[in-house]
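Peer 1: Got a predicted structure plus its sequence, pasted below:
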Amino acid sequence: MVVIFLVIPLIASCAIQSAPIEDPGGEENPVDSTGDEADQGSVPEDVGIVFPNCPEEPVVFKLQLNHTFDFSPGRDTSKMLVKGHTTPDAWCLVTLHGTVIRADDCLVGYKYNGFIQGADGKCNIQGESTALISIEGECAPGVPNALETAGVAEIYLTITETGNPEADVSGTFTCPGFSDAYLGFYPPSFSVLSFGIEDIGSSDFDSDLDITGQFEFDKSWTLIPVGYPFEP
């Protein structure tokens with residue numbers, strides 16, 4: 001698991017002790033999601049032109065990622081806490097042709113900063129990292145409702161976020177009297193999402209702990225057609 005490599009070198013570098021420590025603060029990129037939206041997923045309040053059918057010709061979509069996370073082994077934030085967020089260029093391309101989705105794996109960037117409390121003081125952690133995004137999915141046509149409205153075609157995506165296998169050691173780990181390079185951080189996740197096909201884009205959300213219980217994340221994705229207009 002990636003998390004093993006994250007935690008063990010840190011513990012080897014500093015003897016951890018329990019002591020209340022302030023939040024590392026720093027730069028953040030908050031995700032625009034709350035409560036019910038995070039649990040159920042949603043589309044933007046401003047609804048543009050909607051499409052009842054999956055497009056007959058290939059259409060390219062831009063999948064924009066806006067993620068934040070914090071990392072804390074055992075969720076003991078007094079001993080260690082690292083916060084991070086995606087960079088503005090965190091996006092992938094998705095092609096839809098009929099009901100078929102095609103998407104190459106892509107890399108997205110993160111910035112992070114935080115600390116680990118050691119016997120000799122606080123050690124600071126900061127840097128940039130990349131995560132590998134894998135996408136699978138399909139499109140389903142809209143279902144007519146009781147008012148005989150055609151409905152909105154939906155794109156269903158399964159998105160997996162894992163470590164970049166070719167990532168370099170780009171972070172820094174700085175303790176009193178000691179400094180070294182360190183591996184980057186990213187929030188691993190597996191998310192099943194849905195997006196209505198709209199000319200202005202559609203969003204979905206996921207907020208949770210990762211399967212290791214060490215990352216807490218708040219993620220949003222917005223799927224926007226590139227080269228609109230195309231026929232509804």
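Peer 2: Structure's in. What do you need? This one's a predicted model, so the numbers in the text were calculated from it and none came from an experiment.
Peer 1: where along the protein do the strands fall?
Peer 2: 59-71, 80-86, 91-97, 100-102, 106-118, 121-140, 154-163, 171-175, 178-182, 189-196, 202-209, 215-226 (DSSP state E).
Peer 1: Would you mind checking the average pLDDT for the first one?
Peer 2: Regarding strand 59-71, the rounded mean pLDDT is 95.
Peer 1: And the shortest one, by the same measure?
Peer 2: This predicted structure assigns strand 100-102 an average pLDDT of 96.
Peer 1: Sort out which residues of it are buried, please.
Peer 2: Ile101 (16 or more other CB atoms under 10 Å). Just so you know, the C-beta spots here come from the backbone N, C-alpha and C atoms, and that holds for glycine as well.
Peer 1: Give me the contacts around it.
Peer 2: Val94, Thr95, Leu96, Ile135, Glu136, Gly137, Glu138, Cys139, Ile155, Leu157 (CB atoms under 8 Å, 6 or more residues apart in numbering).
Peer 1: can you tell me which residues contact the residue lying closest to Cys106 once chain neighbours are set aside?
Peer 2: Nearest-residue entry for Cys106: Cys92, 3.9 Å, with adjacent residues in sequence omitted and distances by CB to CB, 6 or more residues apart in numbering. Counting by CB under 8 Å, 6+ apart, Cys92 makes contact with Lys62, Leu63, Leu65, Ala103, Asp104, Cys106, Val108, Ile133, Ile135.
Peer 1: Lowest average confidence across helices and strands of this protein, where is it?
Peer 2: Every helix and strand of the chain was ranked by mean pLDDT, DSSP states H and E. The lowest is helix 2-13, at a mean of 36.
Peer 1: give the contact list for Asn124.
Peer 2: Asn113, Gly114, Phe115, Thr172, Phe173, Thr174, Cys175.
Peer 1: ok, what's across the strand from the one residue sitting closest to the centre of the chain?
Peer 2: Nearest to the mean C-alpha position of the chain, counting by CA atoms, centre = their mean, stands His67 at 4.1 Å. Taking DSSP bridges as the rule, His67 bridges to Lys219.
Peer 1: Same question for Gly118.
Peer 2: Where Gly118 sits in a bridge, its partners, by DSSP bridges, are Ile16, Gly121.
Peer 1: Please verify my assumption that it contacts Thr174.
Peer 2: No. Between Gly118 and Thr174 there is no contact under CB atoms under 8 Å: 11.1 Å.
Peer 1: Looking at these two, which is more packed in?
Peer 2: Gly118 (21 against 15; other CB atoms under 10 Å).
Peer 1: And the pLDDT for the more buried one?
Peer 2: Gly118 is given a pLDDT of 81.
Peer 1: Contact partners for Thr172?
Peer 2: Asn124, Ile125, Gln126, Gly127, Ser179, Asp180, Ala181, Tyr182.
Peer 1: will you turn those into a markdown table that also has pLDDT and distance to Ser194?
Peer 2: Shown next, in a markdown table, are the contacts of Thr172 (pLDDT from 0 to 100; distance: CB to CB, whole Å):
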| residue | pLDDT | distance to Ser194 |
| --- | --- | --- |
| Asn124 | 95 | 40 |
| Ile125 | 94 | 36 |
| Gln126 | 95 | 36 |
| Gly127 | 93 | 34 |
| Ser179 | 89 | 46 |
| Asp180 | 90 | 44 |
| Ala181 | 87 | 40 |
| Tyr182 | 82 | 37 |
